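*Asks:* using only what follows, build the 3D model:
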Amino acid sequence: MANVSVFNLEGNEVGTLELNDAVFGVEVNEHLVHMAVVAQLANKRQGTQKAKTRSEVSGGGKKPWRQKGTGHARQGSTRAPQWTGGGVVFAPTPRDYTIRLNKKEKRAALKSALTSRVNENKFIVVEAMNFDEIKTKKFVEVMNNLKVNKALVVLDEACDKAVLSARNVADVKTASVSTINVYDILKYNTVVATKGCCSFYRGGICIMANVQYYDVILKPVVTEKSMNAMTDKKYTFLVHTEANKTMIKEAVEKMFPGTKVKSVNTMNMDGKTKRRGMTFGKTAATKKAIVQLTEDSKEIEIFAGL
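*Replies:* Next up, the predicted model:
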């Protein structure tokens with residue numbers, strides 16, 4: 001796992017932070033990052049431009065002059081494109097520029113963008129950014145201490161005064177964990193994040209470092225089939241619907257010390273259709289994970305005696 005230095009507001013190093021390879025150590029997919037940027041820029045377009053064609057402008061029902069004998073070029077309508085007030089050739093019409101990406105593509109692009117910033121040593125973690133007052137001068141001083149000029153600053157909810165202090169600073173944009181995107185990460189030279197952002201999740205992936213395993217493993221699945229599989233050191237859990245295999249493996253090894261995960265198989269379970277009176281609906285979708293432990297691994301004690 002990659003380690004990054006943690007700085008205080010004076011720019012002094014006060015420690016290190018271990019980053020999660022599932023987010024900051026992936027293989028960078030440049031094509032996917034390009035698709036995410038193109039989609040984001042396209043989705044910002046309103047698509048409301050409109051001009052009238054010759055069939056939509058007023059007038060033009062009568063031939064301006066007879067076909068021959070006038071010395072003029074032949075004309076059929078005053079609304080033709082070459083006439084003043086005529087229609088526009090291939091006029092633009094309102095359209096939808098939306099480009100949709102799959103959920104997995106969005107996550108992979110975000111991971112690739114964050115990984116590229118870590119690989120280029122352009123990812124800085126600060127201990128905290130709690131200001132006593134709203135002061136732009138102080139925020140500029142912090143950026144100078146960190147030797148950063150054009151930066152995307154990711155702040156937690158407790159840094160509301162820092163957000164207001166950065167409003168008038170050129171080439172600096174503040175964002176929360178839930179609003180960061182691929183375009184902003186690539187647009188700004190450096191990503192500055194507070195240590196308080198480390199425990200937040202977005203879109204099923206841990207944006208920062210500390211994976212909270214109790215958010216990944218929800219509860220064990222106790223059925224006849226799962227109990228029979230325990231003889232082969234296979235354990236079944238109900239997990240978060242957005243958790244991936246790497247997160248599940250790390251969560252099991254953290255929650256149950258001494259265990260070593262060999263492999264993880266997952267399955268997505270659609271919600272069941274239910275009826276209440278004349279109203280039909282569906283229960284929430286779930287996700288199960290079958291965890292295979294190694295031969296020398298310690299058994300999971302939560303299943304003991306069942």
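
*Asks:* show me the shaky parts of the stretch 51-200 of the chain.
*Replies:* Across the stretch 51-200 of the chain, residues meeting the criterion (pLDDT under 70) sit at 198-200.

*Asks:* helices of that one, start to end?
*Replies:* Counting by DSSP state H, counting those that start in this stretch, the stretch 51-200 of the chain has these helices, from start to end: 103-119, 136-145, 160-165, 182-187.

*Asks:* need the ones you listed in CSV (columns: mean neighbour count).
*Replies:* The way it works is simple: take the backbone N, C-alpha and C, and place the C-beta from them, glycine included. Formatted as CSV, the helices of the stretch 51-200 of the chain follow (neighbours: other CB atoms under 10 Å):
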stretch, mean neighbour count
helix 103-119, 19
helix 136-145, 16
helix 160-165, 18
helix 182-187, 18
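
*Asks:* export those helices to a markdown table and tack on distance to Thr259?
*Replies:* A markdown table is the format used below for the helices of the stretch 51-200 of the chain (distance: least, CB to CB, whole Å):
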| stretch | distance to Thr259 |
| --- | --- |
| helix 103-119 | 26 |
| helix 136-145 | 43 |
| helix 160-165 | 41 |
| helix 182-187 | 35 |
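
*Asks:* the ones you listed: which one's closest to Gln67?
*Replies:* Within the helices of the stretch 51-200 of the chain, the stretch nearest Gln67 is helix 182-187; the backing value is 57.4 Å (CB to CB).

*Asks:* for Phe24, see how far away the closest residue to Ser55 other than its chain neighbours is.
*Replies:* With sequence-adjacent residues excluded and distances taken as CB to CB, 6 or more residues apart in numbering, Ser55 is closest to Gly87, at 6.9 Å. According to CB to CB, to the nearest Å, Gly87 stands 55 Å off from Phe24.

*Asks:* the more surrounded of the two?
*Replies:* Neighbour comparison, Gly87 and Phe24: the larger count goes to Phe24, with 23 against 18 (by other CB atoms under 10 Å).

*Asks:* check contacts around that one.
*Replies:* With contacts defined as CB atoms under 8 Å, 6 or more residues apart in numbering, the neighbours of Phe24 are Met1, Ala2, Lys111, Leu114, Thr115, Val118, Phe123.

*Asks:* now swap in Ser263 and tell me
*Replies:* So Ser263 contacts Val291, Gln292 (CB under 8 Å, 6+ apart).

*Asks:* that one pairs with what?
*Replies:* Applying DSSP bridges to Ser263 yields these beta-bridge partners: Gln292.

*Asks:* could you check the pLDDT of it?
*Replies:* In this prediction, Ser263 carries a pLDDT score of 93.

*Asks:* how about the one 3 residues further on?
*Replies:* pLDDT, Thr266: 92.

*Asks:* distance of it from Lys282?
*Replies:* Thr266 is 20 Å from Lys282, by CB to CB.

*Asks:* with neighbour numbers in mind, choose between the two.
*Replies:* Taking neighbours as other CB under 10 Å, Thr266 and Lys282 compare with Thr266 leading, 15 against 10.

*Asks:* was I right about that one contacting Ala289?
*Replies:* Yes. Contact status for Thr266 versus Ala289: in contact at 4.9 Å, counting by CB atoms under 8 Å.

*Asks:* which residues are in contact with each of these two?
*Replies:* By CB under 8 Å, 6+ apart, Thr266 and Ala289 have these common neighbours: Val239, Lys245, Ile248.

*Asks:* where's the dip in pLDDT among those?
*Replies:* Lowest confidence among these: Lys245, with 87.

*Asks:* show me what contacts Gln292?
*Replies:* Asp232, Lys233, Lys234, Val261, Lys262, Ser263, Val264, Asn265.

*Asks:* same list (the residues you listed) but as TSV, adding distance to Asn8.
*Replies:* Listed next are the contacts of Gln292 as TSV, based on distance: CB to CB, whole Å:
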residue	distance to Asn8
Asp232	51
Lys233	46
Lys234	47
Val261	37
Lys262	42
Ser263	42
Val264	39
Asn265	44
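
*Asks:* out of those, which end up buried?
*Replies:* For those, a neighbour count by 16 or more other CB atoms under 10 Å gives the buried set as Lys233, Lys234, Val261, Val264.

*Asks:* and which of those residues is nearest to Gly61?
*Replies:* Lowest distance from Gly61 to the buried ones among the contacts of Gln292 (CB to CB) belongs to Val264, with 73.1 Å.

*Asks:* right, and the closest one touches Ala243 too?
*Replies:* No. With contact defined as CB under 8 Å, Val264 does not count as touching Ala243 (9.8 Å).

*Asks:* perfect, I'm done here.
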